[in-house]
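In: The sequence and its predicted three-dimensional model are supplied below.
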Amino acid sequence: MHNKQIIFKKRPVGVPDADTWQLETNPVPELEEGEILVEHHYISLDPAMRGWMNDTKSYIPPVAIDDVMRAGSIGKVIKNNGNPKFEIGDVVTSWGGVQQYAITNGDGWYKVDTRLAPMPKYIGILGMPGMTAYFGITEVGKIKEGDIVLVSGAAGAVGSVVGQIAKIKGCTVIGIAGGQEKCDYIINELGFDDAIDYKSENIYTALKKKCPKGVDVYFDNVGGKILDAALSKLRMHARVVICGAISQYNQKSKIDGPSNYLSLLVTRSTMQGMVVMDYTKKFGEAAKQMGVWMQEGKLKSKEDIYEGIENFHETYNRLFTGKKKGKLVLKVIEE
């Protein structure tokens, strides 16, 4: 048995090129006592992957050169050498990396029930992106009924869920997205109250028109100029959630920071970063609540699925070109 793996070969400057990784086919080692072999079905592609490639201080160590590229994954247990926690056929998810097979002692792997939701949902709305949205908007954003919530990256895996949860909680929600199609999607399919197309609208003019009373919570996935504009619309005691900064991840020089930060002082607002790993112990309760909302039709998700581990680089690039809608997933094998 052989394993196709995407191996991280060099740290990129700016946008990663094809030489950043190397596709290798290596033998699958024999299992040691207590290990299981997981056959991956789907790999999660997330903007955070770009930060994991940098050799800088962060919330998680960088991917090491010549290691399998880090990524969330989901698949089935196909071999078990004496691990009592798992059985052949169990569907499991964790950080299995961009490869066809993963060998593990089971630490950090979780069983999921595909009778309740298909596999891609467990690396999307019921996985890291969904958990990020849930805890980011409820625990860091501290939303309450009647709040005006502004979300950037609103058609993406995290932003789309943030907006829907805010609507469920009785908030007015305005999403910022790129292109008319994405703006129509978040209003017509996800129930956002309004949308701003940053590609065709002046962001300051649009915010003045669509958030005339200002913003109680700004959930930021993009950073840069959009963050700066949002800071100018804060209401008293507003909360700014720093989840990501996708507009800055491929910068070759220093990132563009906010110049309107004194708005935090004037409005007595807070700006706080959030990392989903801080809430691991509470994932179960969040998944249960979100599952109920999904069954009630209040919470929807879209998975944008592309096939073939050989197409990893091309598919990864869609994170930054905007050529995707919802959660970006790489399909490794047929279910």
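Out: That came through fine.

In: Can you give the domain ranges for this protein?
Out: Per the record, the chain has its domains at 2-124+301-331, 128-277, by automatic domain parsing.

In: Residue 294 is nearest to which of those?
Out: Counting by CB to CB, residue 294 lies closest to domain 2-124+301-331 out of the domains of the chain; the figure is 7.4 Å. From N, CA and C alone the C-beta is placed, and that goes for glycine too.

In: pLDDT score for residue 254?
Out: Residue 254 is assigned a pLDDT of 73 by the prediction.

In: Which one of the domains of the chain lies nearest to residue 284?
Out: domain 2-124+301-331 (9.3 Å).

In: Where does the prediction get shaky in the stretch 151-300 of the chain?
Out: Low-confidence segments of the stretch 151-300 of the chain, defined by pLDDT under 70: 249, 251-252.

In: quick revisit: now tabulate the domains of the chain in CSV and tack on distance to residue 283 and mean neighbour count.
Out: As requested, the domains of the chain are arranged in CSV below (distance: least, CB to CB, whole Å; neighbours: other CB atoms under 10 Å):
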stretch, distance to residue 283, mean neighbour count
domain 2-124+301-331, 8, 17
domain 128-277, 6, 20
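
In: I'd like to know which of those domains is closest to residue 289.
Out: Among the domains of the chain, domain 128-277 comes nearest to residue 289, with 7.7 Å by CB to CB.

In: Would you mind measuring the gap between the ends of that closest one?
Out: For domain 128-277, the first and last residues are 9 Å from each other (CA to CA, to the nearest Å).

In: Run the chain-centre distance for it.
Out: Offset of domain 128-277 from its chain centre (CA atoms, centre = their mean, to the nearest Å): 15 Å.

In: mind listing the helices in the stretch 101-250 of the chain by residue range?
Out: For the stretch 101-250 of the chain, the helices defined by DSSP state H, counting those that start in this stretch cover 128-135, 159-168, 180-188, 203-210, 224-231.

In: you'd agree residue 106 is up against residue 36?
Out: Yes: under the criterion of CB atoms under 8 Å, residue 106 makes contact with residue 36 at 6.0 Å.

In: Could you measure from the residue most central in space within the chain over to residue 234?
Out: The centroid of the chain falls nearest to residue 129 when counting by CA atoms, centre = their mean (3.7 Å). To residue 234, residue 129 is 26 Å away according to CB to CB, to the nearest Å.
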